[in-house]
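# requesting a structural model of the entry that follows:
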Amino acid sequence: MSTVRKVPLRKCIGCNEMKNKKEMIRVVKTSDNEIILDTTGRKNGRGAYVCCSECLAKAIKNRGLSRSLSAEIPEEVYAKLKEAFAELEH
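Just a heads-up that it's a prediction; the model follows:
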């Protein structure tokens, strides 16, 4: 009898699709109200997930990231996200 491991799924804030947690990038609002990228997926705080650069553009346009984290997102965070997706696509 082998046990089947459950794959953790999270919802992308751009396309609202449930996807594998490891395929997406997490943005975290820490307890100090600091917004950072979480590449490990294990940092403490409120998290929001984005799956691709197209979804990031949607999230910027409709302010989905700001709404899900209940905070204003600095431009540096958006720049870091764009760089991270550019690296993933190459």
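# so which elements touch the lengthiest helix in the chain?
Longest helix in the chain, counting residues (DSSP state H): helix 75-89. Packing contacts for helix 75-89, counted by 3 or more C-beta pairs under 8 Å, 6 or more residues apart in numbering; DSSP states H and E, involve strand 25-29, strand 35-38, helix 53-61. Yep, even glycine has a C-beta here, placed from its N, CA and C like the rest.
# got TSV for those, with mean neighbour count too?
What follows is the helices and strands packed on helix 75-89, written out as TSV (neighbours: other C-beta atoms under 10 Å):
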stretch	mean neighbour count
strand 25-29	21
strand 35-38	18
helix 53-61	17
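# closest one to A84 among those?
strand 25-29 (5.7 Å; C-beta to C-beta).
# for the closest one, which strands pair with it and how are they oriented?
strand 35-38 (antiparallel), strand 46-50 (antiparallel) (DSSP bridges).
# any chance of the ones you listed in CSV, with mean pLDDT and distance to A79 too?
Compiled in CSV, the strands paired with strand 25-29 are given as follows (pLDDT from 0 to 100; distance: least, C-beta to C-beta, whole Å):
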stretch, mean pLDDT, distance to A79
strand 35-38, 95, 11
strand 46-50, 97, 14
